[in-house]
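**Student:** what follows is a protein structure lacking sequence information:
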């Protein structure tokens, strides 16, 4: 059983449950000393997960932004949602470079709004609520981008 649990440690989303099962198993079988290694692995994973959450929670001037190679479905979905507002004249999509879990992108969507009778912050908030991209993302106004 422990061999299978060790194999699970290569997948970040399985580390915590694998460690929990291993600790429970070892404790039930009076092998408490061995369970400490598993506890350390779980704690290490919790730190990494927290750091990943932090880097995905904000967009700062020092962040590296790179081109995003989106699939056609994402491009089509995003274009439709932006077009539905009738208030966005242009949009660009990029990706924030992340250290933790780079296989899960963090997108940066820059929008240029039709300035007539548009509250950009309200529009951006509405877009955040309406979009489901399956990953973390930020939406910012081109006007705000030029202030950075």
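**Tutor:** Nice, I can see it. Quantities reported herein were computed from a predicted structural model and do not represent experimental measurements.

**Student:** can you give me the domain boundaries for this structure?
**Tutor:** As assigned by automatic domain parsing, the chain contains the domains 2-57, 65-145.

**Student:** give the contact list for the spatially closest residue to residue 109 that is not a sequence neighbour.
**Tutor:** In this structure, residue 109 finds its nearest non-sequential neighbour in residue 139, 4.7 Å apart by Cβ to Cβ, 6 or more residues apart in numbering. In this view, the C-beta of every residue, glycine as well, is placed from N, C-alpha and C. Each residue near residue 139 by Cβ atoms under 8 Å, 6 or more residues apart in numbering is listed here: 109-111, 124, 127-128, 131.

**Student:** next, the residue located most distally from the centre of the chain: phi, psi?
**Tutor:** Relative to the centre of the chain, the most outlying C-alpha is that of residue 30, 39.6 Å out, by Cα atoms, centre = their mean. Backbone torsions for residue 30, taken as degrees, to the nearest 10, come to phi 60, psi 40.

**Student:** re the thing from before, make CSV from the domains of the chain and add mean pLDDT to it.
**Tutor:** Output for the domains of the chain, formatted as CSV (pLDDT from 0 to 100):
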stretch, mean pLDDT
domain 2-57, 93
domain 65-145, 87
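
**Student:** for the host helix or strand of residue 78, name the packing helices and strands.
**Tutor:** Using DSSP states H and E, residue 78 falls within helix 72-85. For helix 72-85, the helices and strands in contact under the criterion 3 or more Cβ pairs under 8 Å, 6 or more residues apart in numbering; DSSP states H and E are strand 88-96, helix 120-130.
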